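> here you go, sequence then predicted model.
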Amino acid sequence: MKFGNLQFLWMLWLVPALLFFYIWAFKRKQKLIDLFVGPALKGRLLQGVSYSRQKFKIFLIIAAVFLLIVALIRPKWGYHWEEVKRRGVDIIIALDVSQSMLAQDVSPNRLERAKREIIDLMQILNGDRVGLVAFAGTAFLQSPLTLDYGAVQIFLDDLTTELIPVPGTNIAEAMQIAIKSFDQTDKKSRVLILITDGEDHSGHALEVAKEARAQQIKIFTVGIGKEGGAPIPDGSGGLKKDRNGEMIISLLEEESLQKIALETGGSYVRSITGDMDLEKIYESINKDVEDKELKSGRRQRFEERFQWPLLLALLLLFLEIFYKERASGKLFVFLFPLIFIFTLPINSASAGIFDFNSDPTSLYKAEKYQEALKGFLDQQIERPNDYDLKYNLGSTYYKMNQFEDAEKLFTQTAIYGDKDLTQKSYYNLGNVANKQGKLKEAIEFYQKALDLDPDDQDAKYNLEKTREELKRRLEEMKKQQQNQQNQNQNQNQNQNQQDQQQQQQDQKENQDKKEQSAKEQQQEKKDGQKEEDKQNANKQEDEKNKRPPEEQPAQATSADGSMSENEKDKKMNQEEAARVLSNLQEDRSKYLKEKLKSSGQYQVEKDW
């Protein structure tokens, strides 16, 4: 139940004041009657007067006054959902909550200055949906896009440098989370405002800016800090130092922020005293970004119920007027209109005082997760900072296999919840990581849960099973790698053998080609030599035939017709020379032939 005019709540003091007045007046009336009327006459004058009826009439008046005050406060119970439509731009604000934002080069420090900048921005927004992303070494969505600026400011007030335990400044991941948080079906009228000191430790911010440009998202950057930088407080009154004992100076890196804004068609400003910088950004948004019809989803609208106490108060006053102090008639005649009013049926379109929604916890236990999710979301509107409710939401998302949404909620409850809630959140984060196949992360979460509650048997069991599964996967991976290596070695060996065989075959073919070529050359030489010897023999024969008979030397014969011994030896020598001649090289052969010609021993040609 809610109330619309709580400023009139003080009027409830009239009820006890009126009650004391009637008590005093009743006693005063009795004293006056006793004073002015004698006992004998009193019974006759007051015949039929009922003191209980007088008290009942006083009760009716006091009750009517009370109900009139309740109606004036405007009670509301029961609600219905309505869709709120506005025209504007979807704006997601990514706020840096890293340790460097504690630098005090702007007053009071960079983080507080950034919060004031966001508040200043929300004061000048007009119908635009706003979302909030917090980031340091990692990033998560703190508040989705909504038209409820008050809810965004509640989330904004909770932002501190202790919100995200992962150190660093990952601007790239913050931009990726923001891009995913926009409506992916409508790629217009989307703006990201990045508020940071510019110390990007990821190095991929410009690449993500290109992705944002491809999705028609403009990025406007706001630099917090001064060019000279400032030291970072360590929380104990001192300043942070590095390993060498030197003071760490956090510098404003304007160049990277300017490049991000330039890449997407946005603009960059540096935060200074006042809100003129954000006014410039909002003016640029209104000028360059086309607005659209926004749908914020459902909005809870409570029903006005002041009519009921007002009507009841009027009936009581009506009854008090006609209800006499003397006993006459029956009471049910006056109560009939009141009974008739309360027996009227209530319009089913509006929730009545006895209408209750089903308990989402009971729906969750009944495994009706979709209905339970709706109930938890309805409750979250009234209790946005209830971390037990966020834990229930995360459990419902987990049962619906929406592990990313469950992980975000369990991370928040692990950070902000009490010890018991933190322990259960770490346990569920281990289950989520296990479902996503992130076994090492699951082991870390289970171990954190056991550190908080060493007797958690479920965490012990899951930790042991996860370690066994991780070991099995590592061994399987090693076997696969070993098999792959063996297969590669066998392939290499087979390839080497094939290469060697191919090389030997090539060498043999080359050798055969060389031998064949040598044989062909030798055969050509022999054929040339034979041809040349044949030509020389023909030439000698022609010259011999051309000589006169007297010039031909007579062959001396012995008495028995045989040649002399000297001639025989000479012929044998010439035959021997011919055999040697056939085995000599061409040059040597020509030389010997010339020599034979000069000696005049031509008769050996016949023997060839």
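Nice, I can see it. It should be emphasised that the depicted structure is a prediction, and the values quoted were computed from it without experimental measurement.
> next, residue 76: secondary structure please.
When classified by DSSP: H, G, I helix; E, B strand; the rest coil, residue 76 comes out as strand.
> quick thing: my sequence starts at 552, can you match it?
Sounds good: first residue 552 from here, last item residue 627.
> so what's it up against?
Listed by CB atoms under 8 Å, 6 or more residues apart in numbering, the contact set of residue 627 reads 552-555, 853-856. Every C-beta, even on glycine, is put in place using the N, C-alpha and C of the backbone.
> can you tell me the closest non-neighbouring residue to it?
The shortest distance from residue 627 to any non-neighbouring residue, by CB to CB, 6 or more residues apart in numbering, is to residue 853 (3.9 Å).
> now do the helices in the stretch 752-901 of the chain.
Along the stretch 752-901 of the chain, counting by DSSP state H, counting those that start in this stretch, helices occupy 756-765, 805-815, 827-839, 858-873, 882-893.
> follow-up on the earlier one: who touches the residue nearest to residue 627 in this structure?
553, 627-630.
> got the residue ranges for the strands in the protein?
553-554, 626-639, 641-647, 680-686, 690-697, 741-747, 769-774, 781-782, 800-801, 819-821, 843-855 (DSSP state E).
> redo those strands as TSV? Include mean pLDDT and distance to residue 1070.
Shown next, in TSV, are these (pLDDT from 0 to 100; distance: least, CB to CB, whole Å):
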stretch	mean pLDDT	distance to residue 1070
strand 553-554	78	115
strand 626-639	70	97
strand 641-647	90	86
strand 680-686	91	85
strand 690-697	89	83
strand 741-747	89	85
strand 769-774	88	83
strand 781-782	75	93
strand 800-801	74	88
strand 819-821	82	86
strand 843-855	65	92
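> turn those strands into JSON lines, including distance to residue 572.
Compiled in JSON lines, the strands of the chain are given as follows (distance: least, CB to CB, whole Å):
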{"stretch": "strand 553-554", "distance to residue 572": "27"}
{"stretch": "strand 626-639", "distance to residue 572": "26"}
{"stretch": "strand 641-647", "distance to residue 572": "57"}
{"stretch": "strand 680-686", "distance to residue 572": "53"}
{"stretch": "strand 690-697", "distance to residue 572": "50"}
{"stretch": "strand 741-747", "distance to residue 572": "61"}
{"stretch": "strand 769-774", "distance to residue 572": "63"}
{"stretch": "strand 781-782", "distance to residue 572": "67"}
{"stretch": "strand 800-801", "distance to residue 572": "69"}
{"stretch": "strand 819-821", "distance to residue 572": "66"}
{"stretch": "strand 843-855", "distance to residue 572": "32"}
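> wait, which of these is closest to residue 835?
Among the strands of the chain, strand 769-774 comes nearest to residue 835, with 7.1 Å by CB to CB.
> what lines up beside the closest one in the sheet?
Applying DSSP bridges, strand 769-774 is found paired with strand 741-747 (parallel), strand 819-821 (parallel).
> still on that earlier bit, would JSON lines of the contacts of residue 853 with distance to residue 732 be doable?
JSON lines is the format used below for those (distance: CB to CB, whole Å):
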{"residue": "553", "distance to residue 732": "30"}
{"residue": "627", "distance to residue 732": "32"}
{"residue": "628", "distance to residue 732": "34"}
{"residue": "629", "distance to residue 732": "33"}
{"residue": "630", "distance to residue 732": "27"}
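> farthest pair within those?
Of all pairs in the contacts of residue 853, the most separated under CB to CB is 553 and 629 at 10.4 Å.
> neighbour-wise, which of these two wins?
A count of neighbours by other CB atoms under 10 Å puts residue 629 above the other of residue 553 and residue 629, at 18 against 12.
> what about the stretch 852-1001 of the chain, any weak spots by pLDDT?
877-909, 933 (pLDDT under 70).
> ok, 90 please
The stretch 852-1001 of the chain contains residues with pLDDT under 90 at 852-858, 868-945, 948, 951-975, 985-993, 995, 998-1001.
> nearest residue to the residue nearest the centre of the chain in space, please, no chain neighbours.
Centroid-nearest residue in the chain: residue 728, 5.8 Å away (criterion: CA atoms, centre = their mean). In space, and not counting its chain neighbours, residue 728 is closest to residue 690: 4.7 Å by CB to CB, 6+ apart.
> tell me the spacing between the one you found and residue 1084.
Separation of residue 690 from residue 1084 (CB to CB, to the nearest Å) stands at 102 Å.
> between these two, who's got more neighbours?
Per other CB under 10 Å, whichever of residue 690 and residue 1084 has more neighbours is residue 690, with 24 against 17.
> need the contact list for that one.
Taking CB under 8 Å, 6+ apart, one finds 645, 684, 715, 721, 724-725, 727-728 in contact with residue 690.
> could you tell me which of the residues you listed belong to helices?
If you go by DSSP state H, the contacts of residue 690 have 724-725, 727-728 in helices.
> that older thread, ok, which of the strands of the chain comes nearest residue 583?
strand 626-639 (40.9 Å).
> let me see the mean pLDDT of the longest helix seen in the chain.
Ranked by residue count and defined by DSSP H, the top helix of the chain is helix 1008-1097. Averaged across helix 1008-1097, pLDDT comes to 82.
> which strands and helices sit next to it?
helix 970-986, helix 990-1003, helix 1137-1150, helix 1155-1158 (3 or more CB pairs under 8 Å, 6 or more residues apart in numbering; DSSP states H and E).
> show me where the stretch 602-751 of the chain dips below the pLDDT cut-off.
Looking at the stretch 602-751 of the chain by pLDDT under 90, you get 602-609, 624-641, 647-680, 687-689, 691, 693-694, 696-723, 733-741, 746-751.
> can you do 80?
For the stretch 602-751 of the chain, the stretches with pLDDT under 80 are 602, 628-638, 655-658, 677-678, 736-739, 748-751.
> check contacts around residue 931.
937, 940-941, 944 are the contacts of residue 931 under CB under 8 Å, 6+ apart.
> with residue 965 instead?
Residue 965 neighbours (CB under 8 Å, 6+ apart): 972-973, 976-977, 980.
> how near is residue 1058 to residue 981?
Relative to residue 981, and taking CB to CB, residue 1058 is found at 66 Å.
> and for residue 575?
Taken as CB to CB, the span from residue 575 to residue 981 is 70 Å.
> still on that earlier bit, the residue nearest to residue 627 pairs with what?
Beta-bridge pairing of residue 853 under DSSP bridges involves residue 630.
> many thanks, we can stop here.
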